[in-house]
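Asker: no sequence for this one, just the structure:
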Ligand SMILES: [Zn+2]
């Protein structure tokens, strides 16, 4: 089976609240692979245990990766947010990223996948340098990075299932808009990364839209129209994007 590759990423994992558990149940039931972006400084013990159990049960269907350090916002300006980047020094960014990585390794051990997602998708050259220097295999923001001299695999999530109001508060898109955004990205070829925030699910209507989209992905996968992968699959395949083209080959896997 071949076909376009999609990955699913849920950010801001630190508490196993009702929305996370409900969506996770659906992912598990339909064997949909998911990348969970865990906030190291905020993840509570029960949530960490839940995630570890889930990963032990189905290691090929879930990646536990690092989402920043504490999800702080260092921006002084409304309309822009960042924990990494924004001209913060290499030393400060290194310190925070390393603290986060040590917590992830201590908490999840071998179950941790060395990938880094910057909060608010904020990053600069120093961030990318630290990502390489700390030996992360994957970097995933909201846009592509210039890959010159980088060792990591760049896997941006170009499709967001959330909308943001003028104050930056996240909402959940309508199902038809989610599908339209994904289709647009699939047409471009390469990998279509899809990011959502379970915390943005506030109403039953939001939940219905999210579930409909996840079921749609599972159906598309079952029909052989797409393949759904996690970061570990790309690491195993030594996946590379060179000059905007895919150079590595993704194994079909399980
Ligand atoms: Zn976040």
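Answerer: That came through, no problem. All of these numbers come straight from a predicted model, not from anything done at the bench. Numbers count the residues shown, from 1 in each chain.

Asker: thought residue 228 was touching residue 30?
Answerer: No - assessed by Cβ atoms under 8 Å, residue 228 is found out of contact with residue 30, at 9.9 Å. Quick note: C-beta positions are derived from backbone N, CA and C, even for glycine.

Asker: who's more crowded, those two?
Answerer: Under the criterion of other Cβ atoms under 10 Å, the comparison of residue 228 against residue 30 puts residue 228 first, with 20 against 15.

Asker: In a strand, that one, correct?
Answerer: Yes - membership of residue 228 in a strand is supported by DSSP: H, G, I helix; E, B strand; the rest coil.

Asker: who are the neighbours in contact with it?
Answerer: 5-8, 32-33, 217, 221 (Cβ atoms under 8 Å, 6 or more residues apart in numbering).

Asker: farthest-separated two in the residues you listed?
Answerer: 5 and 32 (13.8 Å; Cβ to Cβ).

Asker: Report the separation between the closest residue to the ion within the stretch 51-200 of the chain and residue 92.
Answerer: With Cβ to the ion as the measure, residue 119 is the residue of the stretch 51-200 of the chain nearest to the ion, at 4.4 Å. Distance of residue 119 to residue 92, computed by Cβ to Cβ, to the nearest Å: 14 Å.

Asker: So between those two, which is more surrounded?
Answerer: residue 119 (23 against 13).

Asker: right, and residue 156 touches residue 193 too?
Answerer: Yes - using Cβ under 8 Å, residue 156 is in contact with residue 193, at 5.7 Å.

Asker: If you count surrounding residues, which of those two has more?
Answerer: residue 193 (22 against 19).

Asker: which residues touch the closest residue to the more buried one other than its chain neighbours?
Answerer: Leaving aside its sequence neighbours, residue 193 sits nearest to residue 157 (Cβ to Cβ, 6 or more residues apart in numbering; 3.5 Å). The neighbours of residue 157, taking Cβ under 8 Å, 6+ apart as the test, are 7, 9, 140-142, 193-195.
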